[in-house]
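*Asks:* take this sequence and fold it.
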Amino acid sequence: MDKQIFYPVIALALQTAVIVFYLGARRIRAVKRGEASVDYFRTFSSEPPRDTRAIQAERNVKNLFEAPVLFYVACLAAVQAGAVDPWLVGLAWAYVAIRAGHSLIHLTFNRLRHRFRAFALSWVVLIAIWAKFTSSLL
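*Replies:* Numbers count the residues shown, from 1 in each chain. Here you go, the predicted model:
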């Protein structure tokens, strides 16, 4: 059962990688179209890109290195503690699905109301993951 928790971990890592490559493509496109300076991406000291999709992708990547870090830690700690069970695996998959939805919203139509709901729900699930993990230690 412990191994099952790694599949959602891998899925979220792959999602992050895909969005990092998407960010790179948006940055290249912005420079080619004259919507951003190469210097901006070297030093981040000139004007930011005018391409809103590049800005959204950059912020989404940053977001994927914030709260999801707590997800990775919880999953690895659960394996170490022998606390992985079907509920924890299900919560992990739910977290990954919600984070994918959040990224999809952020990188497409970007409605704040929808994006915030996905973001808030991901936090509820993340707290549930930590609650489930810590309760198994008691």
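*Asks:* mind listing the helices for this structure?
*Replies:* For the chain, applying DSSP state H gives helices covering 6-32, 38-43, 52-63, 67-81, 86-107, 112-137.
*Asks:* what about the fourth one, distance to the chain center?
*Replies:* Right, the one you point to is helix 67-81. Relative to its chain's centre, helix 67-81 lies at 14 Å (CA atoms, centre = their mean, to the nearest Å).
*Asks:* what pLDDT does Arg50 get?
*Replies:* Arg50 carries a pLDDT value of 85.
*Asks:* residues near the closest residue in space to it that isn't next to it in sequence, how many?
*Replies:* Distances taken as CB to CB, 6 or more residues apart in numbering put Glu35 closest to Arg50, at 4.3 Å, once the chain neighbours are dropped. Heads up, the C-betas are built off the backbone N, CA and C, glycines and all. Using other CB atoms under 10 Å, Glu35 has 18 other residues around it.
*Asks:* dihedrals phi and psi, Glu35?
*Replies:* Backbone geometry at Glu35, expressed as degrees, to the nearest 10, gives phi -90, psi 0.
*Asks:* and for Phe44?
*Replies:* Per-residue torsions, Phe44: phi 60, psi 30 (degrees, to the nearest 10).
*Asks:* and it, how many neighbours?
*Replies:* Considering only other CB under 10 Å, Phe44 is surrounded by 8 other residues.
*Asks:* now do Val61
*Replies:* Around Val61 there are 16 other residues, counting by other CB under 10 Å.
*Asks:* show me the residues around it that make contact.
*Replies:* Listed by CB atoms under 8 Å, 6 or more residues apart in numbering, the contact partners of Val61 are 16, 19-20, 23.
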